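J.: After the sequence you'll find the predicted model.
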Amino acid sequence: MGPNGVITLSIPVIKLHGSKTYLKDVRIDYDSHWNRIHWKSLVASYASSPFFEFLTEELSPFYERRFEFLVDLNQHLLDFTLQQLGLNIPVRCSESFTGISSDQDPRHFIHPKIDQAAADPDFKPEAYHQVFSDRLGFQSNLSILDLLFNVGPEAFSYLQRSLKT
């Protein structure tokens, strides 16, 4: 969340025209210097948040290092997130593709065109203080970084309280 509203940050990838690419082979495109843009956006948006300075040292290397493959960056960010939440969940890549078998498959929920609030009606996020909430109100379903920067060590408890089952 920035001073003017929600900021959408995406990582550009190198597209091979005319052929499908396995997820493990998707390469990150650094021509646009997206990593500097992302980091500057995070600093501008969250420098005044309560826990930004505590996470900066661990988080900034993700935006300085040049990962070749998107899956590697995603894995490192996932490990960082799980560590910050205090979760010891082993995550590994599968050796083969398994199709989505039902609407209950969690991979079904992770899609940019799906309204997350509608996708998981059992998750009702509670409002917490965000940097610009005095002007823009509370914005739910932002990134996990928004939660970590604003709530810090209470992030996991917050997520648990937001589950309504």
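T.: Cool, got the structure. Keep in mind the model is a prediction, meaning the values are calculated, not measured.

J.: got the contact list for the longest helix seen in the chain?
T.: Using DSSP state H, we find that the single longest helix of the chain is helix 70-84. Here helix 70-84 makes contact (C-beta atoms under 8 Å, 6 or more residues apart in numbering) with 11, 13, 23-24, 26-28, 55, 58-59, 62, 67, 88-89, 91, 93, 144, 148, 155. Using the backbone N, CA and C atoms, a C-beta is placed for each residue, glycine as well.

J.: so how many other residues sit close to the closest residue to residue 135 other than its chain neighbours?
T.: Leaving aside its chain neighbours, residue 135 sits nearest to residue 3 (7.7 Å; criterion: C-beta to C-beta, 6 or more residues apart in numbering). For residue 3, the tally of surrounding residues (other C-beta atoms under 10 Å) stands at 11.

J.: Residue 3 and residue 46 touch, don't they?
T.: No - applying C-beta atoms under 8 Å, one finds residue 3 not in contact with residue 46, separated by 11.1 Å.

J.: so residue 34 touches residue 12, yeah?
T.: Yes - with contact defined as C-beta under 8 Å, residue 34 counts as touching residue 12 (5.6 Å).

J.: Just give me the residue closest to the centre of this structure.
T.: residue 143 (4.5 Å; C-alpha atoms, centre = their mean).

J.: so what's it up against?
T.: Applying C-beta under 8 Å, 6+ apart, no residues qualify as near residue 143.

J.: roughly how far apart are the nearest residue to residue 41 once chain neighbours are set aside and residue 23?
T.: Closest residue in space to residue 41, ignoring its immediate chain neighbours: residue 7 at 5.7 Å, by C-beta to C-beta, 6+ apart. Using C-beta to C-beta, to the nearest Å, residue 7 is found at 25 Å from residue 23.

J.: of these two, who's got more company?
T.: Taking other C-beta under 10 Å, residue 7 and residue 23 do not tie; residue 7 has more neighbours (15 against 11).

J.: Relative to residue 51, how far out is the spatially closest residue to residue 125 that is not a sequence neighbour?
T.: Leaving aside its sequence neighbours, residue 125 sits nearest to residue 140 (C-beta to C-beta, 6+ apart; 4.2 Å). Using C-beta to C-beta, residue 140 is found at 19 Å from residue 51.

J.: More neighbours: the two, which one.
T.: residue 51 (18 against 15).

J.: List the contacts of residue 44.
T.: 2, 3.
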